[in-house]
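Q: sequence unknown, structure follows:
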């Protein structure tokens, strides 16, 4: 006959704390799965939509601020903005487009590497999987004038 020793009290408390903290994760990040989720069927990203139009011409120029119209059934959709000058990446920004995202959904068209001039930009709507993989849901391209 084999006799099992009871688990130390510290191990039981640590296990209970882990169960409670895991139960709270979805509440901290909104409804749904804690990361990624959703297939994004019928997803779209359109724009750019002008937020700050410094010269008032209605088109994106260097230094302006833009955002996008996003539609997706994915749990945590995000948009990555990549801008290029002569094939070189000069700007990369990511923002979330879901209710619990705490920061702005606006993008300023300038960076340390992009100090002036025109650029070609791509907006990539995606969601992330639990393993960090990206699932691209939709894309949109546009030009930025100098």
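A: Yep, it's here. All figures in this text were calculated on a predicted structure; none of them were measured in a lab.

Q: Can you show me the helices along the protein?
A: Counting by DSSP state H, the chain has helices at residues 9-28.

Q: What ranges does it have for its strands?
A: Along the chain, the stretches classed as strands by DSSP state E are 44-52, 65-71, 78-85, 88-96, 107-108, 119-128, 134-144.

Q: now the shortest one, how far from the chain's geometric center?
A: Distance of strand 107-108 from its chain centroid, counting by Cα atoms, centre = their mean, to the nearest Å, is 14 Å.

Q: so what secondary structure elements neighbour it?
A: Under the contact criterion of 3 or more Cβ pairs under 8 Å, 6 or more residues apart in numbering; DSSP states H and E, strand 107-108 touches strand 65-71. Using the backbone N, CA and C atoms, a C-beta is placed for each residue, glycine as well.

Q: Partner strands of the strand it packs on, with direction?
A: Strand 65-71 has the following strand partners under DSSP bridges: strand 44-52 (antiparallel), strand 107-108 (antiparallel).

Q: Mind checking the pLDDT average for it?
A: What strand 65-71 shows for mean pLDDT is 98.

Q: which residues touch the residue nearest to the spatial centre of the chain?
A: When Cα atoms, centre = their mean is applied to the chain, the residue found nearest the centroid is residue 78 (2.9 Å). The neighbourhood of residue 78, defined by Cβ atoms under 8 Å, 6 or more residues apart in numbering, consists of 94-97, 125-128.

Q: Any chance of a markdown table for the strands of the chain, columns distance to residue 58?
A: As requested, the strands of the chain are exported to a markdown table (distance: least, Cβ to Cβ, whole Å):
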| stretch | distance to residue 58 |
| --- | --- |
| strand 44-52 | 7 |
| strand 65-71 | 12 |
| strand 78-85 | 19 |
| strand 88-96 | 21 |
| strand 107-108 | 17 |
| strand 119-128 | 17 |
| strand 134-144 | 13 |
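
Q: sorry, back to before: ok, and which of the strands paired with strand 65-71 has the densest surroundings?
A: Stretch with highest mean neighbour count among these: strand 107-108 (a mean of 20; mean count of other Cβ atoms under 10 Å).
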